[in-house]
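Visitor: Here is a sequence with its predicted model. Questions after.
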Amino acid sequence: MRLHVRGVGLPDETPIELWIVDGRTSVEPVAGADTVFDGGWILPGLVDAHCHVGLGGRGEIPLDDAIAQAETERDVGALLLRDCGSPTDTRSLDDHDDLPRIIRAGKHLARPKRYAAGFSRELEDEWQLPEAVAQEARRGDGWIKLVGDWIDRSVGDLAPLWSDDVLKAAIETAHAHGARVTAHVFSEDALPGLINAGIDCIEHGTGLTDDTIELMVERGTVLVPTLVNIVENFPGIADAAATKYPTYAAHMRDLHARGPGRLAAAREAGVPIYAGSDAGTMVAPGRIADEVEALKGIGMSGGEALGAACWDARRWLGRPGLEHGASADLVCFSDDPRSGPAVLRRPDLVILRGKVFRPST
C-alpha cells in the first residue's frame with residue numbers, strides 16, 4: 001500500500017508532504033500513492049507517557065481487555081504508550097500491528113501491603129529490591145517502576161517505602177542494565193531520597209517543594225504529573241479514607257489543593273515535564289487530550305503542552321517522529337490540534353505502521 005498525506009507539520013508549522021510505503025515514511029515522492037489526507041495539521045503519533053495497559057481495578061485483567069484499552073488509545077491518536085506498571089503480561093500485544101507501541105516498565109515494585117492489592121510485586125525485605133530491579137530490567141522495555149510512597153497504616157499517613165541506601169543500590173543496578181527508573185510519589189518525604197539516588201523520573205509529584213524542585217533541576221530528573229488523576233480523584237481518595245485515616249485524608253486534600261501550584265513551579269524552574277493520563281484504573285483510557293489541556297493550567301502554552309504529549313515526549317523516550325524512514329505512525333487533524341481537547345481527542349485520520357484508521361466520532 002502506497003499512501004500520501006499533505007498538510008502543515010507540527011511543531012515547525014511548515015508545509016509537509018509524506019509518502020508511506022511498506023509502513024515507513026518517505027520525504028521522497030512515490031509514484032501511484034493514494035492521497036488519504038490533504039490539508040490540515042500532521043503530527044507524529046501522540047504519546048501517553050503514563051498509562052497502564054493491562055491493569056484493572058483489582059490488578060491483572062484478561063488480554064482481551066488489555067487489547068481493548070490499547071485500541072481506545074489508538075483511536076484518539078496515542079500511538080506510543082509508556083506503560084508505567086502492569087501485573088498483566090502484555091508482551092504478546094507487540095504482535096498486533098493494529099495496536100500502539102508499548103514501552104513497558106514491568107510490574108510495580110513495592111513492599112507488602114504498601115500499594116493497591118494485586119497491582120505490584122511485593123518484596124518482603126527491602127534489600128530484595130536491587131535484584132528485583134535487575135529481573136524486571138531483563139524482561140522489560142528499558143524502564144523500572146517503583147512505588148516511592150503509599151499509606152503506611154501503622155502511622156496513618158503517606159510514607160516512603162525504601163531507605164536511601166536501598167534506593168541508591170537499586171537505581172545503580174537498573175542503570176547498569178540499561179534501564180531507567182521512575183516512581184509513584186504523592187507526598188514530600190520520599191522525594192529527596194529518590195532524586196538523590198539518581199532516579200530518572202517522578203510520577204505525580206504533588207509534594208514537590210522548592211528544595212526538591214531545585215534538586216530535580218540539578219539532577220535532570222523528569223516529571224510526569226498525571227494532572228487528570230490528581231484533579232479528579234484525590235478528593236474521592238481522601239473522602240474514602242477520612243474516617244479510618246484522617247491524617248492521610250487531610251494530607252491528600254492538601255496535596256490536591258497545592259499540587260498544581262507546585263507542578264507549575266517545577267515547570268517554571270525548568271524541570272522537563274511530559275504528559276501522562278494515568279489511564280488504567282481510576283482514569284479511563286483515551287484521556288491524553290484532557291491531560292494536554294490540564295498542562296495548560298500549570299503554565300504551558302498550547303504548543304508546549306501538545307509537544308509534551310507528542311514530539312518532545314518521543315524525543316525523551318528515544319522514538320522517532322516524522323523523519324524519513326521512520327515507522328509511519330502519525331495523526332492528522334482538519335483543525336489546529338493546539339486549540340483544545342475538542343479537536344485533539346478526535347483526529348480525522350490515524351496512521352499506525354502505515355495502516356489507516358478513521359476513528360469514529
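Guide: Alright, I've got the coordinates.

Visitor: and A170, what is it in contact with?
Guide: 129-130, 132-133, 146, 162, 181, 197 (Cβ atoms under 8 Å, 6 or more residues apart in numbering). All C-beta atoms are positioned from the backbone trio N, CA, C, and that covers glycine.

Visitor: Of the residues you listed, which belong to helices?
Guide: Taking DSSP state H as the definition of helices, the contacts of A170 contribute 129-130, 132-133.

Visitor: For the longest helix belonging to the chain, C-alpha coordinates in CSV please.
Guide: The residue-count maximum for a helix in the chain (DSSP H) belongs to helix 246-269. The C-alpha atoms that make up helix 246-269 are tabulated as CSV, following Å, rounded to 0.1, in the frame of the first residue of the first chain:
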residue,chain,number,x,y,z
PRO,A,246,-8.0,11.3,59.0
THR,A,247,-4.4,12.4,58.8
TYR,A,248,-3.9,10.7,55.5
ALA,A,249,-7.2,12.2,54.2
ALA,A,250,-6.2,15.7,55.2
HIS,A,251,-2.8,15.2,53.6
MET,A,252,-4.4,14.1,50.3
ARG,A,253,-6.7,17.1,50.3
ASP,A,254,-3.7,19.4,50.9
LEU,A,255,-1.8,17.8,48.1
HIS,A,256,-4.8,18.2,45.8
ALA,A,257,-5.0,21.9,46.7
ARG,A,258,-1.3,22.7,46.5
GLY,A,259,-0.2,20.2,43.9
PRO,A,260,-1.0,22.2,40.7
GLY,A,261,0.9,25.2,42.0
ARG,A,262,3.9,23.1,42.9
LEU,A,263,3.9,21.5,39.5
ALA,A,264,3.7,24.9,37.9
ALA,A,265,6.7,26.0,40.0
ALA,A,266,8.6,22.9,38.7
ARG,A,267,7.9,23.9,35.1
GLU,A,268,8.9,27.5,35.7
ALA,A,269,12.2,26.2,37.2
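
Visitor: Max pairwise distance over the contacts of A170: which two?
Guide: With Cβ to Cβ as the measure, no two of the contacts of A170 lie farther apart than A132 and A197, at 15.5 Å.

Visitor: Residue ranges of each domain in this protein, please.
Guide: The chain breaks down by the TED database into domains covering 2-43+320-357, 46-317.

Visitor: So which of the ones you listed has the densest surroundings on average?
Guide: domain 46-317 (a mean of 20; mean count of other Cβ atoms under 10 Å).

Visitor: Distance from the chain centre to that domain, please.
Guide: 7 Å (Cα atoms, centre = their mean, to the nearest Å).

Visitor: Report the mean per-residue pLDDT for it.
Guide: Mean pLDDT, computed over domain 46-317, is 97.

Visitor: Please apply the same query to stretch 336-352.
Guide: 96.

Visitor: For it, C-alpha coordinates in CSV please.
Guide: Extracted as CSV, the C-alpha positions of stretch 336-352 are listed here (Å, rounded to 0.1, in the frame of the first residue of the first chain):
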residue,chain,number,x,y,z
ASP,A,336,-5.4,23.0,14.7
PRO,A,337,-4.9,20.4,17.5
ARG,A,338,-3.4,23.1,19.7
SER,A,339,-6.8,24.8,20.0
GLY,A,340,-8.2,22.4,22.7
PRO,A,341,-9.3,18.9,23.6
ALA,A,342,-12.4,19.0,21.5
VAL,A,343,-10.1,18.9,18.4
LEU,A,344,-7.3,16.9,19.9
ARG,A,345,-9.4,14.0,21.1
ARG,A,346,-10.9,13.5,17.6
PRO,A,347,-8.2,13.0,14.9
ASP,A,348,-9.6,12.9,11.4
LEU,A,349,-7.0,10.2,10.5
VAL,A,350,-4.7,7.9,12.4
ILE,A,351,-2.0,6.0,10.5
LEU,A,352,-0.2,3.3,12.5
